[in-house]
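Chemist: here's my sequence, what's the structure:
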Amino acid sequence: MSSILPSVMVAIVALGMALAFIYADYRSPTSRALALTLVFIGLAIPLNVVGFAYRPSSGIMPGWFALPEAAAMAAALEWVLRVRRTLPAGELDVRIGDYLLRLGQLLALLYLALSLLYPEKRSREFLFAGSIPGMLHRPGFWLFAAPILFTVGSGLFAGLLLLNRRPDRSERVRLLAVGLSAPFFTAGFVLPPEPASVGVLIGEMIFLVGAVQYHVLQGQRGQFLSRFLSAQVASLVRERGLAGAMQQNYLEITVVVSDVRGFTAYAQSHPSSRVIQVLRDYYDAVGEVVAAYGGTIKDFAGDGILILVGAPIAIPDHAAVGLAIARGVRTAAQQVTRRWSSEEHRLGLGIGVASGFVTVGVIGSASRLEYTAVGPAVNLASRLCEQATDGEILVDGRTRELAAEAGLEVREPATVKGFEEKVPLYALPAEA
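Modeler: Okay, here's the model as predicted:
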């Protein structure tokens with residue numbers, strides 16, 4: 001009974017970790033592969049320990065007892081493979097690492113096949129061989145040890161190739177945790193039952209520490225980005241996955257562009273540290289307004305901010321919401337410009353709002369992806385922002401039509417660069 005208790009602890013910890021990872025992000029392919037790995041680890045050690053302690057008089061354990069071990073190794077390599085696919089490779093050829101991982105999975109299946117063919121050798125010459133002097137030198141031991149060592153080695157080598165891509169800190173922490181825990185998991189095959197269970201438990205703790213640190217760093221990053229991106233974007237990605245959330249679409253949205261007046265002269269006359277403080281204050285103020293209405297900040301370009309209303313999150317009344325965002329941005333940003341203006345250099349704010357059909361989706365290279373919107377409405381909002389005076393919000397006719405805004409001031413149609421005909425123009429008056 002004493003030799004069984006540690007294996008039970010191993011199973012409980014592994015299954016608990018599997019449940020935690022799958023519950024946290026069950027839609028993620030990497031989380032599912034990781035959860036399967038932990039489930040099979042949780043089954044493998046206690047199954048072998050119990051089978052070893054209560055094996056029949058023949059001393060031979062059934063070959064199918066190797067199934068959880070082989071499945072754990074294959075799932076672990078699948079997890080490494082899926083992690084590799086989440087990292088940009090740039091110009092590096094990643095096929096070698098992928099081929100090694102697939103070969104490692106085949107050798108895990110070979111280990112299972114050998115166990116089914118030679119259950120007696122596995123029981124007497126391989127499992128817990130470290131408890132019998134001289135057993136590690138017998139051919140039967142290496143018949144099973146060789147495919148396992150190659151499988152583990154392929155995973156470690158693929159991890160080293162991943163480090164060559166220079167992943168961020170969170171990914172490095174996770175990879176190092178896997179590398180440090182792998183020897184403890186492997187030792188569980190050959191150590192005596194009780195030390196084997198303890199070794200696997202240590203491996204689980206090492207991996208758990210790395211995984212927790214990974215999620216903490218990812219959470220900090222997400223918390224930082226959420227200050228500027230709407231919470232709905234994160235929710236959409238969780239529900240549909242990145243590919244589903246960011247696929248290319250052609251739809252009508254409202255675009256809001258804001259720009260600080262007098263910023264170039266201000267930046268030339270003040271220390272760069274002060275300029276950064278102004279921008280940080282300005283970005284924070286605008287980000288809070290946009291997040292409150294469910295919009296998405298597409299770009300920070302110096303003192304200019306491009307806001308999408310209706311993409312990637314669909315907003316039926318996007319024009320009305322766009323005007324509300326414009327009002328809120330004007331109020332919040334004007335407080336910032338008044339606070340940072342000097343006697344010599346006064347800061348102001350201009351805003352342009354336009355609606356229309358655009359193409360939205362992900363563009364970029366293997367090393368950098370960006371969510372973007374392309375269409376006349378984006379260009380028009382930017383041009384209107386350029387023409388707006390301090391404190392003015394210029395609005396195009398389509399936005400007025402969709403929002404049914406009665407309080408807009410009619411302006412003379414304007415000639416706008418990039419548009420052949422004059423553009424009907426309106427202004428959103430300041431609130432009393």
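Chemist: when you work out contacts or count neighbours from here on, use the C-alpha atoms and nothing else.
Modeler: Fine.
Chemist: in which helix or strand does the closest residue to residue 410 other than its chain neighbours reside?
Modeler: Spatially, and ignoring its direct neighbours in sequence, residue 410 is nearest to residue 426 (4.7 Å; Cα to Cα, 6 or more residues apart in numbering). Element membership for residue 426, per DSSP states H and E: strand 423-427.
Chemist: and the contacts of that strand?
Modeler: Contacting residues not belonging to strand 423-427 are listed as 392-397, 400, 408-416 [Cα atoms under 8 Å, 6 or more residues apart in numbering].
Chemist: now that strand: mean pLDDT?
Modeler: Regarding strand 423-427, the rounded mean pLDDT is 91.
Chemist: middle-most residue in the chain, spatially?
Modeler: The residue lying closest to the centre of the chain (Cα atoms, centre = their mean) is residue 218, at 7.5 Å.
Chemist: that residue: what's it in contact with?
Modeler: Per Cα under 8 Å, 6+ apart, neighbours of residue 218: residue 170.
Chemist: for the helix or strand containing it, the averaged confidence score.
Modeler: Residue 218 is part of helix 193-225, with elements assigned from DSSP H and E. Taken as a whole, helix 193-225 has an average pLDDT of 78.
Chemist: can you mark which positions in it are buried?
Modeler: Buried residues in helix 193-225, counted by 16 or more other Cα atoms under 10 Å: 193-208, 210-211, 213-214, 217.
Chemist: now stretch 117-136
Modeler: Buried residues in stretch 117-136, counted by 16+ other Cα under 10 Å: 118-130, 135-136.
Chemist: tell me, how many residues neighbour the residue nearest to residue 348 when sequence neighbours are not counted?
Modeler: Nearest residue to residue 348, sequence neighbours excluded (Cα to Cα, 6+ apart): residue 261, at 4.5 Å. Residue 261 is flanked by 21 other residues according to other Cα atoms under 10 Å.
Chemist: before we move on, what about residue 351?
Modeler: Based on other Cα under 10 Å, the number of other residues close to residue 351 is 32.
Chemist: surely it is within a strand?
Modeler: Yes - assessed by DSSP: H, G, I helix; E, B strand; the rest coil, residue 351 belongs to a strand.
Chemist: got the buried residues for the host helix or strand of residue 101?
Modeler: Here residue 101 sits within helix 95-117, counting by DSSP H and E. For helix 95-117, burial by neighbour count (16+ other Cα under 10 Å) applies to 97-98, 100-116.
Chemist: contacts for it?
Modeler: Everything outside helix 95-117 that qualifies as a contact, by Cα under 8 Å, 6+ apart, is 62-64, 66-67, 70-71, 73-74, 77-78, 81, 122, 144, 147-148, 150-152, 154-155, 157-158, 161.
Chemist: let's see 7 Å
Modeler: 63-64, 66-67, 70, 73-74, 77, 81, 122, 144, 147-148, 150-151, 154-155, 158, 161 (Cα atoms under 7 Å, 6 or more residues apart in numbering).
Chemist: so who does residue 144 touch?
Modeler: Listed by Cα under 7 Å, 6+ apart, the contact set of residue 144 reads 111, 126.
Chemist: separation between residue 101 and residue 141?
Modeler: According to Cα to Cα, to the nearest Å, residue 101 and residue 141 sit 23 Å apart.
Chemist: what do you get for residue 9?
Modeler: Distance, residue 9 to residue 141, by Cα to Cα: 27 Å.
Chemist: kindly report the same for residue 176.
Modeler: 29 Å.
Chemist: kindly report the same for residue 269.
Modeler: From residue 269 to residue 141 the distance is 76 Å (Cα to Cα).
Chemist: who's more crowded, the two?
Modeler: residue 141 (20 against 12).
Chemist: check contacts around the more buried one.
Modeler: For residue 141, the contacting residues are 125-126, by Cα under 7 Å, 6+ apart.
Chemist: give the buried residues for the host helix or strand of it.
Modeler: Using DSSP H and E, residue 141 maps to helix 139-163. Buried positions in helix 139-163, judged by neighbour count with 16+ other Cα under 10 Å: 140-145, 147-156, 158-159, 161-162.
Chemist: quick check: mean pLDDT across that helix?
Modeler: 86.
Chemist: go on, stretch 298-307?
Modeler: Stretch 298-307 shows an average pLDDT of 87 in the prediction.
Chemist: and residue 308, which of the three is it?
Modeler: Going by three-state DSSP: residue 308 is strand.
Chemist: how far away is it from residue 289?
Modeler: For residue 308 relative to residue 289 (Cα to Cα), the value is 13 Å.
Chemist: tell me which of these two has more neighbours.
Modeler: Each of residue 308 and residue 289 has its neighbours counted (other Cα under 10 Å); residue 308 has more, 26 against 23.
Chemist: so that one touches residue 297, yeah?
Modeler: Yes - if you go by Cα atoms under 7 Å, residue 308 and residue 297 touch, sitting 6.3 Å apart.
Chemist: strands of this protein, start to end?
Modeler: Secondary structure of the chain (DSSP state E): strands at 249-261, 296-301, 304-309, 348-364, 369-374, 392-396, 409-414, 423-427.
Chemist: list the residues that contact residue 290.
Modeler: Neighbouring residues of residue 290 by Cα under 7 Å, 6+ apart: 296, 325.
Chemist: tell me the phi and psi of residue 407?
Modeler: phi -90, psi 10 (degrees, to the nearest 10).
Chemist: equivalent analysis for residue 303, please.
Modeler: phi -90, psi 10.
Chemist: neighbours of residue 399, just the number please.
Modeler: Neighbours of residue 399 using other Cα under 10 Å come to 23.
Chemist: quick check: end-to-end length of stretch 394-405?
Modeler: 13 Å.
Chemist: contacts for that stretch?
Modeler: Applying Cα under 7 Å, 6+ apart, the set of residues contacting stretch 394-405 is 319-320, 351-355, 384-385, 388, 424-428.
Chemist: buried sites along it?
Modeler: Buried residues in stretch 394-405 (16+ other Cα under 10 Å): 394-400, 403.
Chemist: state the pair within these that is farthest apart.
Modeler: 394 and 403 (14.2 Å; Cα to Cα).
Chemist: any idea how far residue 44 lies from residue 188?
Modeler: Residue 44 is 10 Å from residue 188, by Cα to Cα.
Chemist: er, residue 373 I mean
Modeler: In this view, residue 373 and residue 188 are 53 Å apart by Cα to Cα.
Chemist: and if you look at residue 22?
Modeler: In terms of Cα to Cα, residue 22 sits 25 Å off from residue 188.
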